[in-house]
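**Student:** give the three-dimensional model of this entry:
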Amino acid sequence: MSPSRTHPSVAELTAFGAGQLSLDQGVLVVESIDENVTVQIKKAPNTKNDQGIEMRVVDTITGSEVVRLSSGKYEVSLVGDSNEYKLSKGGFTLARGDSVVVKVTRNSTTSASPASQPKLSMTLPDMAQQTLLSRGSHLTVEAVKELEAKTLAAPNDCESRLQLLGFYSDASILSPEFRKKYADLVIWLIGNFPESKAAGSSYSHIHASIDPSGYTKAKNLWLQKTKSDEKNSIIVSNAATFFLQSDRKVAEQLLLKALAIEPDKFDLCNQLGQLYRLGMIGQANIKERKKIAANALMPFERSLGSQSESSDTSSTMTDLAQMAFEAEEFEKAKAYAERVLHSDKGNAVHSGNIVLGRLALKDGRIDEAGQFLIAAGKTSGSPNLGSFGPNMLLAKELLRVGEKDVVLEYFELCSKFWENDSLEKWTTVVKSGGIPDFGGNLYY
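**Tutor:** I've put the predicted structure just below:
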């Protein structure tokens, strides 16, 4: 499905099922039997006020989109390889009160079976896809217009579309127009390349609360893909990634389904563990936290077992140490945390010391717990720590037993790798005898 665009003299219409566009002095109805057909409509030559406007068919879930256009003569053509389809008419004249129907049907010489249709091929390797998506987030407005013009001429231009996806993944919150363009790009990617790295990336998430209609269309398409390719663990996993933020229950079901296909695949095990871990955010009930952590512990352990001896396991062991503590598997928590301390990763060393400090505090070794807190603050830092900041669980627990000075020293150490006003605010609260609201830093 092509993204939404505005270009002088050209109106591009993506036929999705059957849709209707309201024109200034008449109504155009485009009926199609296939969601992947793109129809181009433009003013016929030698017309007065030769200016077109973009048009897009919307499926029956979201209703029809109203686009105003002056009356006159128009030409209709198929975009891309038109051998498989034909139009009921190549042009029409629209006048006040008129209703014009253009039908898209299959040529009788081609197969009517969707399974026989040639599929597009994603020739870009994973790294190239990631590079294009990242490049897109830095596009200028002029560059966006140029890329949109390229996709108008070549609807299956993957490189241009991936860059536009990178741009609109950030810009989609700015306006309804951008949200539609973003949704169209995501849906095109799911429909054509559900196995691609890009389809399973964070660039392809439509949030239900931000764009309900776009989310619904993408959701239905992902569910359709997971049914038609239910043995393809990559497609099922990519679909699960899409649902992580908006429907974790569906995400869990899909990941379990993918793991049934490939039980020991690291990415799937880790993804399921992270899904369960997300459920702990904001969860204050100790019994529920223990249950969630126990669920997360199992796939994390499987993911560790699936990694080669040469792999960097520090991230997985950090997750294991934290989840083992919450699941009250304290011996495991100690073993994983101590292994993490041998890592050269600042974030891993920080987290390992936090877990060991919590274990010490649990056993009543308050001074030792404070020493682990200071060690956590002396970390070399990391991109994650520099962005989200340090973990404050142990600091909060030490404040509860009156260890104000060691926590203030910890704040000072953390200021070396985390430049954030929160540290100054927390320092003021602690000095006045209170315990700050650490927010998300209790979970990072």
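
**Student:** could I get the average pLDDT for the helix or strand containing Lys290?
**Tutor:** Here Lys290 sits within helix 286-305, counting by DSSP states H and E. Mean per-residue pLDDT for helix 286-305: 91.

**Student:** what's it packed up against?
**Tutor:** Packed against helix 286-305, as judged by 3 or more CB pairs under 8 Å, 6 or more residues apart in numbering; DSSP states H and E, are the following elements: helix 266-278, helix 314-326. C-beta here means a position set from N, CA and C on the backbone, and glycine is covered the same way.

**Student:** from those helices, which stretch is densest packed?
**Tutor:** Across these, the average number of neighbours (mean count of other CB atoms under 10 Å) peaks for helix 314-326, which reaches a mean of 24.

**Student:** and that helix, average pLDDT?
**Tutor:** In this model, helix 314-326 carries a mean pLDDT of 94.

**Student:** still on that earlier bit, and the helices and strands packed on helix 286-305 as TSV, adding distance to Glu159?
**Tutor:** Shown next, in TSV, are the helices and strands packed on helix 286-305 (distance: least, CB to CB, whole Å):
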stretch	distance to Glu159
helix 266-278	25
helix 314-326	31
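
**Student:** Ala294 is nearest to which of the ones you listed?
**Tutor:** The closest of the helices and strands packed on helix 286-305 to Ala294 is helix 314-326. By CB to CB, the value is 8.0 Å.

**Student:** mind listing what's buried in the helix or strand that comes right after that closest one?
**Tutor:** Next helix or strand after helix 314-326 toward the C-terminus (DSSP H and E): helix 330-340. Using 16 or more other CB atoms under 10 Å as the test for burial, helix 330-340 gives 332-334, 336-337, 339-340.

**Student:** stretch 133-142 now?
**Tutor:** Taking 16+ other CB under 10 Å as the criterion, stretch 133-142 shows 133, 136, 139 as buried.

**Student:** let's see which of these end up in strands.
**Tutor:** Among the buried residues of stretch 133-142, none falls in strands (DSSP state E).

**Student:** would JSON lines of those with pLDDT and distance to Gly364 be doable?
**Tutor:** Below are the buried residues of stretch 133-142 laid out as JSON lines (pLDDT from 0 to 100; distance: CB to CB, whole Å):
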{"residue": "Leu133", "pLDDT": "95", "distance to Gly364": "50"}
{"residue": "Gly136", "pLDDT": "94", "distance to Gly364": "54"}
{"residue": "Leu139", "pLDDT": "93", "distance to Gly364": "57"}
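
**Student:** of all the helices and strands packed on helix 286-305, which one comes closest to Leu256?
**Tutor:** Counting by CB to CB, Leu256 lies closest to helix 266-278 out of those; the figure is 7.3 Å.

**Student:** by contact count, what packs against the closest one?
**Tutor:** If you count contacts as 3+ CB pairs under 8 Å, 6+ apart, helix 266-278 packs onto helix 233-243, helix 248-261, helix 286-305, helix 314-326.

**Student:** need these in CSV (columns: distance to Gly402).
**Tutor:** CSV is the format used below for the helices and strands packed on helix 266-278 (distance: least, CB to CB, whole Å):
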stretch, distance to Gly402
helix 233-243, 44
helix 248-261, 38
helix 286-305, 22
helix 314-326, 22
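
**Student:** may I have the secondary structure class of Tyr74?
**Tutor:** Secondary structure assignment for Tyr74 (DSSP: H, G, I helix; E, B strand; the rest coil): strand.

**Student:** tally of neighbours for it?
**Tutor:** When neighbours are counted by other CB atoms under 10 Å, Tyr74 registers 22.

**Student:** show me the beta-bridge partners of it.
**Tutor:** Beta-bridge partners for Tyr74, by DSSP bridges, are Lys43, Phe92.

**Student:** make 14 the first number, not 1, from now on.
**Tutor:** In the new count, where the first residue is 14, that last one comes out as Tyr87.

**Student:** tell me the confidence at it?
**Tutor:** Reported pLDDT for Tyr87: 72.

**Student:** ok, it touching Lys102?
**Tutor:** No - Tyr87 is beyond contact range of Lys102, at 10.1 Å (criterion: CB atoms under 8 Å).

**Student:** list the contacts for Glu416?
**Tutor:** Going by CB atoms under 8 Å, 6 or more residues apart in numbering, Glu416 touches 379, 382-383.

**Student:** run the last query once more with 6 Å
**Tutor:** For Glu416, the contact set (CB atoms under 6 Å, 6 or more residues apart in numbering) comprises Gly383.

**Student:** Ile248 now?
**Tutor:** 207-208, 238, 242.

**Student:** distance to Pro312, neighbour count and secondary structure added to those, as a markdown table?
**Tutor:** As requested, the contacts of Ile248 are exported to a markdown table (distance: CB to CB, whole Å; neighbours: other CB atoms under 10 Å; DSSP: H, G, I helix; E, B strand; the rest coil):
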| residue | distance to Pro312 | neighbour count | secondary structure |
| --- | --- | --- | --- |
| Pro207 | 23 | 24 | coil |
| Glu208 | 22 | 15 | coil |
| Lys238 | 23 | 20 | helix |
| Asp242 | 23 | 15 | coil |
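
**Student:** pull the most distant pair out of those.
**Tutor:** Glu208 and Lys238 (9.3 Å).

**Student:** where does the prediction get shaky in the stretch 314-457 of the chain?
**Tutor:** 321-323 (pLDDT under 70).
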